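Asks: My questions concern the predicted model and sequence given below.
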Amino acid sequence: MTCFGDMLGDELTKEIQAVLPECLTPVSDNADAQAQHLQHSAHSSGNVQQLLEKLVDGDSGVRWEATKALGQLATKDDALVVSGLLGRIADPSRLVRNDAVEALVQVSVRGNSAVVASLLELLSHETWYVREAAARTLGRATTKGDVRATKGLVRVLKDQRDEVVQSSLGSLGMIARRGDPKVVDALLEQLGSGGSWVTKSATASALAQVAEFGEERVVSALLEKLNEPHEEVRRAAMAALPHLADASDRHLIDLLIDTLACTSSIPDARAAAASLLGKVVGDAHGPGRGISTIVVSALLMHARNAAENWLVRRACIDALTQIVPKGQVDIVHGLLPLVHDQDTGVRQAAIEAFTLLAPRGHEDIVCALLPILDGSGGSDDERLPFMRKAAVEALGAVAEVGDARVVQVVLKTLNDPSDGVREAAGEALKRVSEAGDDAVLEALLSELMQDEG
């Protein structure tokens, strides 16, 4: 007759046995009372011996409370306390393990050689969750650039459990010396070796913390991840690249422009390339100078292409707002037709761009925006509150102060059914109405009385 353990397999049976103590051992009903008693006792006597004894109690709730109390009350670098907490890193209860990590960080000095040595030894423990807790603790207990810890964490990047690898990646990002070639090599290998999307994302984040600025092989590897099917991996690569990409590298800029233009790439990757162009070039060069002119031309071309994917177009418009200086009329004119684009997302992005880029008093923009609010346009935008809000905000930034047409339309918008639109209208009136305008004051007072009512 086949037993249940044989049916499950040895590895799964071990994991269930590891979790069972935590599931089956209830936290004592009087755990809070026990914790208060333990803390009071420690305060009154100054002796943590009884707390240390509770660390090995058969009740996981008691161990948990004792662990927390030691983290709050023990003297810094007390050898007995440190030893006791290290022992709890292997506790079968997840709650105890997690608080043991926190307590150990509290009571030990960063770089304590005994703590580091013990944690490194635990990286080879037979139980995966012990290796994970040890890897996670090393990042907070070790000094920056510690060679022993770095080697140990690199070694467990080969661990069979994703949880262990992810904790190691997080710790490497915290303690590895920037530019360490062995760590960068290991991270690049990890990035290219597959694994879960969580692991890939953690690897990209670690590279942002460890690789040297402008390191071409790292930038290239992260750029490849813009084509990853999982959104979180793409986001992690996008977040890492601005920390590493050198905008003076013409090859990088050309590569991003090529990625933007590559129709065989997924739309998300092309949109990411546009966003990176805005971030990298905008931060490094400032608006309107040198290499940014080439980038602006590429972004505007894709934004205006009606056959282009809407996500790519919107990303291009958003990127332009990071590169182009306010008042650059040729770019504003280039975006103006997009107010009437068939895609709602493109229209919204264009209107929001006017708020940031258009000079005050630009009549063409005012004439394009008023129909969205006064009902004369006959478009669906009049029924979309986010479009009305964007139009009101843009008018507040672009219209001339005292423009009677704009003031009247915005005054009517104070009665809009959308709270967001009404709030935007109130702010816009502050910008476009003249001081002492009786009609504006009366409308604002009426709105205030309605709100109070």
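Replies: Happy to help now that I have it. Numbering: from 1, shown residues only.
Asks: C-terminal to the longest helix out of those in the chain, what's the next element?
Replies: Looking across the chain with DSSP state H, the single longest helix is helix 267-285. The helix or strand immediately downstream of helix 267-285 is helix 292-304, counting by DSSP states H and E.
Asks: Okay, buried residues for stretch 52-71 please.
Replies: For stretch 52-71, a neighbour-count test (16 or more other Cβ atoms under 10 Å) marks 52, 54-55, 59-71 as buried. Every residue, glycine included, has its C-beta placed from N, CA and C.
Asks: Quick check: what element follows the helix or strand harbouring Arg155 along the chain?
Replies: Arg155 is part of helix 147-155, with elements assigned from DSSP H and E. The C-terminal neighbour of helix 147-155 among helices and strands, as given by DSSP H and E, is helix 162-175.
Asks: Show me the contact partners of that following helix.
Replies: Outside helix 162-175, the residues within contact range by Cβ atoms under 8 Å, 6 or more residues apart in numbering are 128-129, 131-133, 135-136, 138-140, 142-146, 149-150, 153-154, 156-157, 159, 183, 187, 190, 195-196, 198-199, 202-203, 205-206, 208-210.
Asks: Please list the members of the residues you listed that lie in helices.
Replies: 128-129, 131-133, 135-136, 138-140, 149-150, 153-154, 183, 187, 190, 198-199, 202-203, 205-206, 208-210.
Asks: now for the helix or strand containing Arg234, which elements pack on it?
Replies: Assignment of secondary structure by DSSP H and E places Arg234 within helix 231-244. Other helices and strands packing on helix 231-244, by 3 or more Cβ pairs under 8 Å, 6 or more residues apart in numbering; DSSP states H and E, are helix 197-210, helix 216-224, helix 267-285.
Asks: Helix or strand next in line after that helix, which one?
Replies: helix 250-261.
Asks: And that next one, what's buried?
Replies: For helix 250-261, the neighbour count (16+ other Cβ under 10 Å) marks 252-253, 255-257, 259-260 as buried.
Asks: Compile the residues you listed into JSON lines and extend it with columns for distance to Ala271.
Replies: Shown next, in JSON lines, are these (distance: Cβ to Cβ, whole Å):
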{"residue": "Leu252", "distance to Ala271": "18"}
{"residue": "Ile253", "distance to Ala271": "17"}
{"residue": "Leu255", "distance to Ala271": "16"}
{"residue": "Leu256", "distance to Ala271": "12"}
{"residue": "Ile257", "distance to Ala271": "14"}
{"residue": "Thr259", "distance to Ala271": "10"}
{"residue": "Leu260", "distance to Ala271": "8"}
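Asks: What pLDDT does the model give the closest residue to Ala114 other than its chain neighbours?
Replies: Excluding the flanking residues, the one nearest Ala114 by Cβ to Cβ, 6 or more residues apart in numbering is Val82, at 6.9 Å. pLDDT for Val82: 89.
Asks: The host helix or strand of Val82: which residues count as buried?
Replies: Take DSSP H and E as the rule and Val82 turns out to sit in helix 79-88. By neighbour count with 16+ other Cβ under 10 Å, helix 79-88 contains the buried residues 81-82, 84-86, 88.
Asks: about what we covered before: the residue nearest to Ala114 contacts Asn112, doesn't it?
Replies: Yes: using Cβ atoms under 8 Å, Val82 is in contact with Asn112, at 7.1 Å.
Asks: For these two, list the residues in contact with both.
Replies: What both Val82 and Asn112 touch, as defined by Cβ under 8 Å, 6+ apart, is an empty set.
Asks: ok so, going back, could you flag which of the contacts of helix 162-175 are buried?
Replies: Among the contacts of helix 162-175, those classed as buried by neighbour count (16+ other Cβ under 10 Å) are 128-129, 131-133, 135-136, 138-140, 142, 146, 149-150, 153-154, 156-157, 159, 183, 187, 190, 195, 198-199, 202-203, 205-206, 208-210.
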